[in-house]
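A.B. asks: return atomic coordinates for the entry below.
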Amino acid sequence: MTVNLAELYEKYSDNEYHEFERVTEKLSNRPDIHAFILLDKLCPSDHKMISASEHDEFFLSPDCDELAKIITEEQFIELIRCGVRYDEYSDSLCMFS
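C.D. replies: Just a heads-up that it's a prediction; the model follows:
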């Protein structure tokens, strides 16, 4: 089942963004590293996790169309809790530094 990342981000970002303490099974004590590990498990690759950066924002390399086919709503909430945002304009995941 494919999820709509834009709709999920809109639905959960106000209450879950940067709420890392709500993540129950932490893969790291650092929110950004936890997000990277989770994304690497979902979308394994030999590419760098950070694909681009601009000012104080960096963009993540996983393809959102492919990610939407395999990620669960709960896993996406977990990414939001780590500070990951979905950018509709670029159709990519991003984070502020």
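A.B. asks: what's the helix or strand hosting residue 38 in contact with?
C.D. replies: Using DSSP states H and E, residue 38 sits in helix 31-42. With CB atoms under 8 Å, 6 or more residues apart in numbering as the test, helix 31-42 has contacts from 18, 20, 23, 26-28, 49, 60, 62, 67, 70-71, 75, 78-79, 81-84, 93, 95. All C-beta atoms are positioned from the backbone trio N, CA, C, and that covers glycine.
A.B. asks: mean confidence score for it?
C.D. replies: Helix 31-42 comes out with an average pLDDT of 98.
A.B. asks: render the CA-only coordinates of it in PDB, please.
C.D. replies: The C-alpha trace of helix 31-42 is given here as PDB (Å, rounded to 0.1, in the frame of the first residue of the first chain):
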ATOM      1  CA  PRO A  31      17.400  12.000  16.400                       C
ATOM      2  CA  ASP A  32      19.200  12.600  13.100                       C
ATOM      3  CA  ILE A  33      21.200   9.400  13.300                       C
ATOM      4  CA  HIS A  34      18.000   7.500  14.200                       C
ATOM      5  CA  ALA A  35      16.300   8.900  11.100                       C
ATOM      6  CA  PHE A  36      19.300   8.000   8.900                       C
ATOM      7  CA  ILE A  37      19.400   4.400  10.200                       C
ATOM      8  CA  LEU A  38      15.700   4.000   9.700                       C
ATOM      9  CA  LEU A  39      15.800   5.400   6.200                       C
ATOM     10  CA  ASP A  40      18.800   3.200   5.400                       C
ATOM     11  CA  LYS A  41      16.900   0.100   6.500                       C
ATOM     12  CA  LEU A  42      13.800   1.100   4.400                       C
END
